[in-house]
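Asker: got a structure for you, letters missing:
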């Protein structure tokens, strides 16, 4: 069995048939183009299906897309393959359990799952105190006066992020990813890219200010 | 509360991606609990994280990964630990992120300055403490061997780079040398994450040094 690396969705269905709970829903087959990124609304539907009827086909689909990517993220952040896989498992399990609290107006499925994986990683690395900081921050936001921009759909937000990243030179996006999303120290990045430390720092500064500018009031 | 000094974008992005150590994460979370604008920025960076996650190449999962996950779906969910709801044991009006941390008692560390440790469970090279400085106190000129991040709760201080009042966030690094002055009026209470150590300059600094090696 090889669910791994199943980035495309038809493959998911075929593989997950091995688990005996697969119902090849017509709604899920529709519009397969092999590239899930082009249809960001779909993972949100899968989460909704889990919330509504504990849909295991939807779970298998989410698992096939996200678990291998969460594993990659964790490994790039320095986790071993085992820990990366563990946290990927826990994340998807958490998605299953918390599906009812997913609010597509606030975040895309990917953003929501990203934050769950982030919190579980922190949990694993340190302890619950730190992870609690994130939960609190989310509660404050939920209860606070600010609401996410209701005029933007999750899809539009993702498009805006992509458009912003596209406008930033590749070399800057590269250090941005290494530094902020994978958590590497500036010195390590300089070494890895064989660049002077000052260049890494200035690229980061440029990338960061452009990103903020381009994202604008995205929330 | 009008907040004018915020964490850098880099810091907010690092918070969003969960790569800050606990000490600095706590000070940033404290600022976030007071600043809607920065909460929005963190949210925006989380959207970036979501997009980047989508774009990552998948890693191969071990054989039967999904099959192993499935039985867990039926397991009754263990209730979240009771401690999940932060309780304010300190009886003070502290920002929410601090409420679940154990705080030491206030101790004088110099004229007009009191210090109170915040117990972290993770062993880091960064310490967190609260400082309470009397109105008009001049803190000794100092520089750092690492970063010094501060979030103000009450009162205000000034240094070369500006004025820091309630909710404001001051992100100093090792390249800075400064001597903050507390404004007149009320005592200044703040939360500080200090990486490495402080090097105090001048005769007063030498006097205080043993106390500040907390």
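Answerer: Perfect, I can see it now. If you're wondering where the values come from, they're calculated on a predicted model, not measured in any experiment.
Asker: with adjacent residues omitted, what lies nearest to the most far-flung residue of chain A relative to its centre?
Answerer: In chain A, the residue that sits farthest from the middle, by Cα atoms, centre = their mean, is residue A:196; the gap is 31.0 Å. For residue A:196, ignoring the flanking residues on the chain, the nearest one in space by Cβ to Cβ, 6 or more residues apart in numbering or on different chains is residue A:190 at 6.5 Å. C-beta: built from backbone N, CA, C; applies to glycine.
Asker: hang on, isn't the one you found packed against residue A:200?
Answerer: Yes: under the criterion of Cβ atoms under 8 Å, residue A:190 makes contact with residue A:200 at 4.7 Å.
Asker: so where does residue A:89 fall, helix or strand?
Answerer: Per DSSP states H and E, residue A:89 falls inside helix A:81-98.
Asker: hmm, back to that, for residue A:190 and residue A:200, indicate the residue with more neighbours.
Answerer: Using other Cβ atoms under 10 Å in any protein chain shown as the criterion, residue A:190 and residue A:200 rank with residue A:200 on top: 23 against 18.
Asker: can you list contacts of the helix or strand where the more buried one lies?
Answerer: Secondary structure from DSSP H and E places residue A:200 in helix A:197-215. For helix A:197-215, the external contacting residues (Cβ atoms under 8 Å, 6 or more residues apart in numbering or on different chains) are A:160-161, A:163-165, A:167-168, A:171-173, A:175-176, A:179-180, A:186-187, A:189-190, A:193, B:8-10, B:13, B:41, B:44, B:47-48.
Asker: now that helix, how far from the centre of its chain.
Answerer: Helix A:197-215 sits 22 Å away from the centroid of its parent chain (Cα atoms, centre = their mean, to the nearest Å).
Asker: what are the buried residues along it?
Answerer: A:200, A:201, A:203, A:204, A:206, A:207, A:208, A:210, A:211, A:212, A:214, A:215 (16 or more other Cβ atoms under 10 Å in any protein chain shown).
Asker: mind putting these into JSON lines with pLDDT and distance to residue B:189?
Answerer: Listed next are the buried residues of helix A:197-215 as JSON lines, based on pLDDT from 0 to 100; distance: Cβ to Cβ, whole Å:
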{"residue": "A:200", "pLDDT": "95", "distance to residue B:189": "37"}
{"residue": "A:201", "pLDDT": "92", "distance to residue B:189": "33"}
{"residue": "A:203", "pLDDT": "94", "distance to residue B:189": "38"}
{"residue": "A:204", "pLDDT": "93", "distance to residue B:189": "33"}
{"residue": "A:206", "pLDDT": "92", "distance to residue B:189": "37"}
{"residue": "A:207", "pLDDT": "93", "distance to residue B:189": "36"}
{"residue": "A:208", "pLDDT": "91", "distance to residue B:189": "31"}
{"residue": "A:210", "pLDDT": "91", "distance to residue B:189": "37"}
{"residue": "A:211", "pLDDT": "92", "distance to residue B:189": "34"}
{"residue": "A:212", "pLDDT": "88", "distance to residue B:189": "30"}
{"residue": "A:214", "pLDDT": "89", "distance to residue B:189": "37"}
{"residue": "A:215", "pLDDT": "88", "distance to residue B:189": "34"}
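Asker: how close does the spatially closest residue to residue A:111 that is not a sequence neighbour get to residue A:113?
Answerer: Nearest non-adjacent residue to residue A:111, counting by Cβ to Cβ, 6+ apart: residue B:50, 3.2 Å away. Computed as Cβ to Cβ, to the nearest Å, the residue B:50 to residue A:113 distance reads 7 Å.
Asker: more neighbours, those two?
Answerer: Legend: neighbour count by other Cβ under 10 Å for residue B:50 and residue A:113, higher for residue A:113 (28 against 24).
Asker: so who does that one touch?
Answerer: A:43, A:62, A:66, A:70, A:91, A:95, B:50, B:53 are the contacts of residue A:113 under Cβ under 8 Å, 6+ apart.
Asker: rewinding a little: okay, and the residue nearest to residue A:196 sits in which element?
Answerer: helix A:186-193.
Asker: so what angle separates the directions of that helix and helix A:197-215?
Answerer: Angle, helix A:186-193 to helix A:197-215, by axes from the mean of the first three to the mean of the last three Cα atoms, to 10 degrees: 100 degrees.
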